[in-house]
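[1] predicted structure and sequence below. I'll ask about it afterward.
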Amino acid sequence: MAYKRHLVNLNKTQVNKLLFMCYGLYLAFYGEKLFSETPKAWPYGPVFPNVYKLYSLFRVPIFITEEKSKDFENNERAKNIFTQVIDKYCHVSAYNLSMWSHLPGGPWHKTVYGINGDENSGWNKEISDELIKNYFSKK
């Protein structure tokens, strides 16, 4: 979508942060997951591991099955969120998107550093939908 609408090639970091925004907004607005994979807390912020593995800057666009493409085309709510996020943030650098994702009090930060001494904190942990929903509900 970033390429089609703005001729912008996004790198892996940008793709994952923008997907995280879309995932969080969808969860906050509609109370349901946008897709089945849950983001994990990696050093540069939230990452969807399967997207990270499949995405290549040199293969635009990323391969999406026909079934998933049709599902997206039929989901007006998702298309609306993606359009707004892409239009507003596709020109933001990977560095700045990572800095945003690391803000204290955010879902990534709480997952990595814990909430009140939580022993389940750390790298490569799933960022809970509850943390994501609460964060994006306030934005």
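    Okay, I see it.

[2] when you work out contacts or count neighbours from here on, use the C-alpha atoms and nothing else.
    Fine.

[3] contacting residues around residue 102?
    Under the criterion of Cα atoms under 8 Å, 6 or more residues apart in numbering, the contact partners of residue 102 comprise 44-45, 108-109.

[4] tell me the confidence at residue 119?
    Residue 119 is assigned 61 on the pLDDT scale.

[5] what of residue 72?
    pLDDT, residue 72: 85.

[6] that one belongs to a helix?
    Yes. Going by DSSP: H, G, I helix; E, B strand; the rest coil, the assignment for residue 72 places it inside a helix.

[7] hmm, back to that, max pairwise distance over the contacts of residue 102: which two?
    44 and 109 (10.9 Å; Cα to Cα).

[8] neighbour count: these two, which is higher?
    Here residue 44 and residue 109 are set side by side on neighbour count (other Cα atoms under 10 Å), and the busier one is residue 109, at 20 against 17.

[9] these two touch, right, the more buried one and residue 103?
    Yes. In this structure, residue 109 sits in contact with residue 103. The criterion is Cα atoms under 8 Å, and the distance is 6.6 Å.

[10] rewinding a little: among the contacts of residue 102, which one lies nearest to residue 73?
    For the contacts of residue 102, the residue nearest residue 73 by Cα to Cα is residue 45; the value is 28.1 Å.

[11] can you name the residues that contact the residue nearest the centre of the chain?
    Note on the chain: the residue nearest the mean C-alpha position is residue 20, at 1.4 Å, using Cα atoms, centre = their mean. With contact set as Cα under 8 Å, 6+ apart, residue 20 has these partners: 39, 46-47.

[12] which of the residues you listed fall in strands?
    Secondary structure assignment (DSSP state E) places 46-47 from the contacts of residue 20 within strands.

[13] what's the ChimeraX syntax to select whichever of the contacts of residue 20 are buried?
    With 16 or more other Cα atoms under 10 Å as the burial test, the buried ones among the contacts of residue 20 are selected in ChimeraX as follows:
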select :39,46,47
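
[14] Serialize the contacts of residue 20 to TSV and add fields for pLDDT and distance to residue 80.
    Below are the contacts of residue 20 laid out as TSV (pLDDT from 0 to 100; distance: Cα to Cα, whole Å):
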residue	pLDDT	distance to residue 80
39	97	21
46	98	22
47	97	22
